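Q: Here is my input, please return the structure:
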Amino acid sequence: MMLNRRSVLAGAAAVGLWPGIGRAEAAPLLQRPIPSSGETVPVIGVGTSRRYNVEATPEAVAPLREAVRRFLDLGGRVIDTAPDYGRAEEVLGVILPEDDLRRKVFLCTKVAAQGREAGQAQIEQSFRRLRTDRIDLIAVHNLIDTDTQLATLKALKEAGRIRYLGATTWVERQYDDLEALMRRERLDVVQLNYAIDARKAAERILPLARDRGTAVMVNVPFGRERLFTLVRGRALPPFAAEFDCTSWAQFFLKYVLSHEAVTCPVPGMAQARYVEDNLGAARGRLPDAAQRTKMEEYIDGL
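A: Predicted structure coming up:
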């Protein structure tokens, strides 16, 4: 990721906490179902906000290509993007057609437009940028003109051009609107913010998703870089070994994954070494209820 995570990883390596490639390949990734279909997906995905917004030149795309290939080689599938992420869709459109990589990916994007025609135009642009004739999931981004865009997405799903539809937010002030939408519509997926230091979604949204049979993708599970800044220079607490955790990134991701309603966090991953580290959270034990409480108390006390 960025400087804060680099410094955290450097400190982890110094005290012998770097998971290593051998460990990363030692076991299959944990998978969870999308309730509306029963299809399972690996529980860690790639988010492309900010880091994939680069010029589509060979030099700029090279590290991102390496990260995507490493992610897929290690068993990952879910890649999440959006038209609002600058050139991210275009960059994925360069990477995924190579060596039939698109076939291995559960590809997600969004629509963020006002009005039916504007939404349709943006969606068609996404198909062109991603260089694909089928997208696995399109969600209404940040609840923008939700009813209009959902009508379009329902038609696309009926036509077989998309497989799932949903809605997203990353701010708590939209939770009331998201809850109301989840109660009146049958959404396949919602995407929202949830992290060890931002737990409001667990009060009502995550239980509702479980009850409604809605898959949950989690954005900003690291609070952007906020959590890495908080733990910079600190060793993992000894109890992290109880749930097979060897890095701070895994600590944060395993906390998110230990909520039964969460299907797949999508942290940003723009380097292969972060892919290897993050996917370690999808292997081994997850925290139980008592360990989750201990994790919360530890982070709250910093």
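Q: Contacts only, for Arg183.
A: 208, 212 (Cβ atoms under 8 Å, 6 or more residues apart in numbering). Bear in mind the C-beta positions are built from the backbone N, C-alpha and C, glycine included.
Q: go on, Val190?
A: The contact partners of Val190, by Cβ under 8 Å, 6+ apart, come to 139, 166-168, 178, 182, 205, 209, 214-217.
Q: Same question for Leu101.
A: By Cβ under 8 Å, 6+ apart, the contact set of Leu101 is 68-69, 72, 95.
Q: at 6 Å what do you get?
A: The contact partners of Leu101, by Cβ atoms under 6 Å, 6 or more residues apart in numbering, come to none.
Q: Does it belong to a helix, a strand or coil?
A: For Leu101, the reduced secondary structure class is helix; criterion used: DSSP: H, G, I helix; E, B strand; the rest coil.
Q: gap between it and Tyr274?
A: From Leu101 over to Tyr274 the distance is 19 Å, taken as Cβ to Cβ, to the nearest Å.
Q: Would you mind putting the contacts of Val190 into a markdown table with secondary structure, distance to Gly119 and pLDDT alongside?
A: Rendered in a markdown table, the data for the contacts of Val190 read as follows (DSSP: H, G, I helix; E, B strand; the rest coil; distance: Cβ to Cβ, whole Å; pLDDT from 0 to 100):
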| residue | secondary structure | distance to Gly119 | pLDDT |
| --- | --- | --- | --- |
| Ala139 | strand | 12 | 98 |
| Gly166 | strand | 15 | 98 |
| Ala167 | strand | 13 | 98 |
| Thr168 | strand | 14 | 98 |
| Leu178 | helix | 19 | 98 |
| Met182 | helix | 20 | 98 |
| Ile205 | helix | 24 | 98 |
| Ala209 | helix | 24 | 98 |
| Thr214 | coil | 22 | 98 |
| Ala215 | strand | 22 | 99 |
| Val216 | strand | 24 | 98 |
| Met217 | strand | 21 | 98 |
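Q: Let me have those residues in a markdown table, extended by neighbour count and distance to Phe243.
A: Converted to a markdown table, these look like this (neighbours: other Cβ atoms under 10 Å; distance: Cβ to Cβ, whole Å):
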| residue | neighbour count | distance to Phe243 |
| --- | --- | --- |
| Ala139 | 29 | 30 |
| Gly166 | 25 | 29 |
| Ala167 | 28 | 31 |
| Thr168 | 24 | 28 |
| Leu178 | 26 | 29 |
| Met182 | 20 | 30 |
| Ile205 | 23 | 24 |
| Ala209 | 25 | 23 |
| Thr214 | 24 | 26 |
| Ala215 | 25 | 23 |
| Val216 | 26 | 20 |
| Met217 | 24 | 22 |
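Q: What segments of the stretch 51-200 of the chain are helices?
A: Counting by DSSP state H, counting those that start in this stretch, the stretch 51-200 of the chain forms helices over residues 58-73, 88-95, 116-130, 146-158, 175-184, given from the N-terminal end onward.
Q: That should have said the stretch 201-302 of the chain, apologies.
A: The residue ranges that make up the helices of the stretch 201-302 of the chain, judged by DSSP H, counting those that start in this stretch, are 205-212, 226-231, 248-257, 272-279, 289-300.
Q: Quick one: the ones you listed as a markdown table, columns for distance to Pro58 too.
A: Shown next, in a markdown table, are the helices of the stretch 201-302 of the chain (distance: least, Cβ to Cβ, whole Å):
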| stretch | distance to Pro58 |
| --- | --- |
| helix 205-212 | 41 |
| helix 226-231 | 30 |
| helix 248-257 | 29 |
| helix 272-279 | 17 |
| helix 289-300 | 41 |
